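*Asks:* sequence unknown, structure follows:
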């Protein structure tokens, strides 16, 4: 398995407050890797650094064998996208218009058409709602749209920040099943999630964060079988 993302000893700060401390992790092509931890552990800050929304103060990030691009738009062009916490869809645009924003940097019309067809296959509800405004969708439908919009960039690596937040358990299960399908189609996934047991159920490997640092890593199975660890750091 080839290495796709390599994060080497990065640190970051908000003003004088260090939010990440010497964080290192790797993700191989085709993996589903979860970063878990309690609220405030530094998970979302890590994603901000990976998407270049936030500057790192130390360390290096390499993607697909090269230093990660310095600007957010260039990160997307290189094949890495983020599905942000809170969905952040465009509520006054239609479902299809939201999807087209996801591929606005592409010029391959045939490929875009195929990818649009693919996301409607993954998310049949979006096909039904294609001409509706994003703000009229349910929370679960908006999350599906946010994921589908990310897919329209045809990413090598998709990063998701708390995709289960605020959703009913049955919708969360549907979303995670779709993520498995997306992964099976060749997209590597980095999942940041507070719903630890759900994340563990689909992950290959896990990094556990606490107060801005990685404190443990390993195969997901080892975490699934360690109730004391889940209860101590992940809220049970």
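*Replies:* Received it, and whenever you're ready, just let me know what you need. Predicted model only: the values in this text are computed from it and were never measured.

*Asks:* residue boundaries of the helices in this protein?
*Replies:* 43-50, 72-78, 95-102, 109-122, 124-128, 139-151, 169-184, 196-202, 220-224, 227-233 (DSSP state H).

*Asks:* name the residues that touch the first one?
*Replies:* Pointing back at helix 43-50 there. 5, 7, 10, 12, 19-20, 23, 35-37, 54-56, 61, 68, 75, 80, 82, 85, 159, 161-162, 190, 192, 209, 212 (C-beta atoms under 8 Å, 6 or more residues apart in numbering). In this view, the C-beta of every residue, glycine as well, is placed from N, C-alpha and C.

*Asks:* in a markdown table, list the helices of the chain along with mean pLDDT, mean neighbour count and distance to residue 89.
*Replies:* Formatted as a markdown table, these follow (pLDDT from 0 to 100; neighbours: other C-beta atoms under 10 Å; distance: least, C-beta to C-beta, whole Å):
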| stretch | mean pLDDT | mean neighbour count | distance to residue 89 |
| --- | --- | --- | --- |
| helix 43-50 | 96 | 22 | 18 |
| helix 72-78 | 95 | 15 | 16 |
| helix 95-102 | 96 | 20 | 5 |
| helix 109-122 | 96 | 14 | 14 |
| helix 124-128 | 96 | 15 | 11 |
| helix 139-151 | 96 | 23 | 5 |
| helix 169-184 | 94 | 16 | 15 |
| helix 196-202 | 90 | 19 | 22 |
| helix 220-224 | 90 | 17 | 30 |
| helix 227-233 | 69 | 14 | 31 |
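
*Asks:* redo those as JSON lines? Include distance to residue 31.
*Replies:* Below are the helices of the chain laid out as JSON lines (distance: least, C-beta to C-beta, whole Å):
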{"stretch": "helix 43-50", "distance to residue 31": "15"}
{"stretch": "helix 72-78", "distance to residue 31": "18"}
{"stretch": "helix 95-102", "distance to residue 31": "23"}
{"stretch": "helix 109-122", "distance to residue 31": "20"}
{"stretch": "helix 124-128", "distance to residue 31": "26"}
{"stretch": "helix 139-151", "distance to residue 31": "17"}
{"stretch": "helix 169-184", "distance to residue 31": "8"}
{"stretch": "helix 196-202", "distance to residue 31": "11"}
{"stretch": "helix 220-224", "distance to residue 31": "10"}
{"stretch": "helix 227-233", "distance to residue 31": "21"}
